[in-house]
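Colleague: Provided below are the primary sequence and the corresponding predicted coordinates.
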Amino acid sequence: IGDWSSDEMHCLSVVQTISTLPEGFKGKSHCAEIKVGPDGRFLYVANRFSDTIAVFRIDSENGGQLSCVEIVSSQGKTPRHF
């Protein structure tokens, strides 16, 4: 997942890059649905082929930096929506 910011000229720059995959995962995987929770505090990501859902905390006091809370089984194959 990439966290980007834009300046007054609308130029984008990468602020943070963080993996959505479980530690040690080998193989290809693709993100499907990416959602921010209703309170804006968490980001949820469906990972296809690793069959997981990644949960990140959004630090609103630190420019929206993400930190991984957990990566859990989707309880199904190739999750697309949740």
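Modeller: Ah, there it is.
Colleague: partners of the worst-scoring helix or strand of the chain on mean pLDDT, with directions?
Modeller: Sorting the helices and strands of the chain by mean pLDDT, DSSP states H and E puts strand 2-6 at the bottom, at a mean of 85. When pairing is defined by DSSP bridges, strand 2-6 lines up against strand 12-17 (antiparallel).
Colleague: residues touching Asn41, list them.
Modeller: You called it Asn, but residue 41 is Arg. Arg41 makes contact with Arg57, Ile58, Ser60 under the criterion Cβ atoms under 8 Å, 6 or more residues apart in numbering. Any C-beta I mention is one placed from the backbone N, CA and C, and that applies to glycine too.
Colleague: any idea how far it lies from Lys35?
Modeller: Look at Arg41 and Lys35: by Cβ to Cβ, to the nearest Å, they are 12 Å apart.
Colleague: swap in Val69?
Modeller: For Val69 relative to Lys35 (Cβ to Cβ), the value is 14 Å.
Colleague: swap in Val72?
Modeller: Val72 is 15 Å from Lys35, by Cβ to Cβ.
Colleague: check Ser60 too.
Modeller: Taking Cβ to Cβ, one finds Ser60 at 17 Å from Lys35.
Colleague: same deal with Gly76?
Modeller: 17 Å.
Colleague: any low-confidence regions in this protein?
Modeller: Low-confidence segments of the chain (pLDDT under 70): none present.
Colleague: what ranges does it have for its strands?
Modeller: Along the chain, the segments classed as strands by DSSP state E run 2-6, 12-17, 30-36, 42-48, 52-59, 65-73.
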